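[1] Model the structure of this input:
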Amino acid sequence: MHKIKLFIVASLLFSSALFSAELNWLNDYDAALKQAKKEKKMVYLFIGADVCRWCERFKDMTLSKKHVIKRLNQEYVLLYMSRDRHKIPSKFTTQGVPRHYFLKSDGTIIYEDRGSREVDGFLSLLEEVSLKKE
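    Presented below is the predicted three-dimensional model:
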């Protein structure tokens, strides 16, 4: 049983390391808005939890793909906030993670969604958001 627990902890740490390796996630809401204004980008806010199998699934299945990473890095300032560790502004729902918010650089919510999406579903979501920002 002890070996299983160690394996789970090691897997979560490895997954978290991969998650942060190619996507430059901020963890501070105000800093993300400031950077978005400077870079003339929107903010993608991903709210998760420290222990969340659906968040891990989304990271592994979708956020690890090169073409998803490239698109997110080009179009968004990336903000990840764990409901367990970060001070999340009260206007955002933190129950039912993973949660996805797309924001203007002034913090206005353009679009929100929740759930672990596969690559095609997430890319479709990004297309919907692109249409709404105009």
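
[2] in the sheet, who's paired with the residue nearest the centre of the chain?
    Of all residues in the chain, the one closest to the mean position by C-alpha atoms, centre = their mean is residue 46, 2.8 Å from it. On the basis of DSSP bridges, residue 46 is bridged to residue 80, residue 100.

[3] gap between it and residue 62?
    11 Å (C-beta to C-beta, to the nearest Å). All C-beta atoms are positioned from the backbone trio N, CA, C, and that covers glycine.

[4] measure the residue nearest to the centre of the chain to residue 40 for me?
    Going from residue 46 to residue 40 by C-beta to C-beta gives 21 Å.

[5] can you check residue 76 too?
    Taken as C-beta to C-beta, the span from residue 76 to residue 40 is 11 Å.

[6] and what of residue 75?
    In terms of C-beta to C-beta, residue 75 sits 11 Å off from residue 40.

[7] With residue 133 instead?
    Residue 133 sits 12 Å away from residue 40, going by C-beta to C-beta.

[8] Residue 69 now?
    When distance is defined by C-beta to C-beta, residue 69 is 20 Å away from residue 40.

[9] Those two: which has the busier surroundings?
    residue 69 (17 against 7; other C-beta atoms under 10 Å).

[10] Next, the more buried one: secondary structure please.
    State at residue 69, reduced to three classes by DSSP: H, G, I helix; E, B strand; the rest coil: helix.

[11] From the structure, what's the count of residues near the residue nearest to it when sequence neighbours are not counted?
    Nearest residue to residue 69 in three dimensions, chain neighbours excluded: residue 22, at 4.9 Å (C-beta to C-beta, 6 or more residues apart in numbering). Residue neighbour count, defined by other C-beta under 10 Å, stands at 15 for residue 22.

[12] Is it correct that residue 22 is in contact with residue 68?
    No: with contact defined as C-beta atoms under 8 Å, residue 22 does not count as touching residue 68 (9.8 Å).

[13] Not counting sequence-adjacent ones, nearest residue to residue 43?
    Using C-beta to C-beta, 6+ apart, the nearest residue to residue 43 is residue 103, at 4.2 Å.

[14] how about that neighbour, phi and psi?
    With angles defined as degrees, to the nearest 10, residue 103 sits at phi -120, psi 150.
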